[in-house]
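Undergrad: From the sequence below, what's the structure:
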Amino acid sequence: MPKKPNFPEKQPKIPNIPVVPEKAERAITLDEVLDNIRDPKHWIHPKPLRRLIMENPSLRGIIYGYVAEAAFVNFLDDLKVSDHFKPDDHKKTKSDRTFDYKGRRYTIQLKSLQTNSIREVEKGNFRGKVQNDASDRRKLTLADGTRIETTCYRAGEYDILGVSLQPFVGTWRFAFKKNRDLKHSTYKKYPPEVQKVLLATLEDISFPLTPDWTEDLLSLLKHPRLGTPVVLPL
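TA: All right, here's what the predicted structure looks like:
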């Protein structure tokens with residue numbers, strides 16, 4: 001008697017929606033083949049695509065993160081901060097955006113609120129948590145030579161934590177906090193000397209903002225110990 005396949009109890013949530021391209025074209029050239037992959041209009045109509053995004057939190061989180069990064073670029077441009085760039089991910093930098101301002105270079109890690117962490121404290125007042133860690137585990141060598149594997153950021157790996165306030169205000173505004181003011185890890189399996197050099201994986205935030213957060217990025221940049229001097233080429 002053939003053995004029954006061992007299917008997982010829970011399957012990914014795939015809603016029953018019509019998957020019909022908004023624009024279907026038979027590809028003749030390589031460019032047309034690639035365009036069928038790159039342009040969502042060749043996959044599905046906008047309305048069911050929106051439903052797919054809404055009903056799949058992991059997909060929604062990825063797209064939301066990219067939209068937030070694009071909104072942050074506009075935010076920097078509005079501040080007349082023009083010398084900014086996204087570091088190459090392959091270089092393992094801990095910065096979503098790096099920019100130069102008044103002779104100093106700053107690194108910002110952009111994060112989003114954990115949707116399931118948001119609570120209403122009272123009408124118009126909310127609390128939530130920001131996931132402040134790397135996407136995968138990595139090996140770190142600490143100052144004393146200790147090697148650990150963790151998703152935690154090392155304290156000081158970037159200058160500023162930025163968080164989208166869009167869930168609260170409906171528009172793309174951002175709150176900021178200096179790395180040196182972020183919480184450190186309290187993970188019990190790490191000895192105290194390790195805890196003090198690693199950041200906590202969750203950072204608390206409230207709206208309206210508490211004094212440890214600010215929307216005024218340019219005022220934050222006035223801190224003398226924030227950022228590094230820009231080295232001009234000879």
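Undergrad: Buried residues in stretch 211-219, which are they?
TA: For stretch 211-219, the buried set under the neighbour-count rule, 16 or more other CB atoms under 10 Å, comprises 213-214, 217. Glycine gets a C-beta too; all of them are placed from N, C-alpha and C.
Undergrad: How many neighbouring residues does residue 28 have?
TA: 8 (other CB atoms under 10 Å).
Undergrad: How much space separates residue 45 from residue 56?
TA: Distance of residue 45 to residue 56, computed by CB to CB, to the nearest Å: 17 Å.
Undergrad: do residue 131 as well
TA: Relative to residue 56, and taking CB to CB, residue 131 is found at 18 Å.
Undergrad: Repeat that for residue 73.
TA: In terms of CB to CB, residue 73 sits 26 Å off from residue 56.
Undergrad: Show me what the longest helix anywhere in the chain packs onto, helices and strands only.
TA: Determined from DSSP state H, the single longest helix within the chain is helix 57-78. Using 3 or more CB pairs under 8 Å, 6 or more residues apart in numbering; DSSP states H and E, the elements in contact with helix 57-78 are helix 46-55, strand 97-101, strand 104-111, strand 160-164.
Undergrad: In it, which residues are buried?
TA: 64, 68, 71-73, 75-76.
Undergrad: what does that helix contact?
TA: For helix 57-78, contacts defined as CB atoms under 8 Å, 6 or more residues apart in numbering pick out 52-54, 82, 84, 86, 96-97, 99, 108, 110, 112, 115, 162, 164, 166, 172, 174.
Undergrad: from memory residue 212 sits against residue 181, does it?
TA: Yes - the criterion here is CB atoms under 8 Å, and residue 212 meets it with residue 181 at 5.8 Å.
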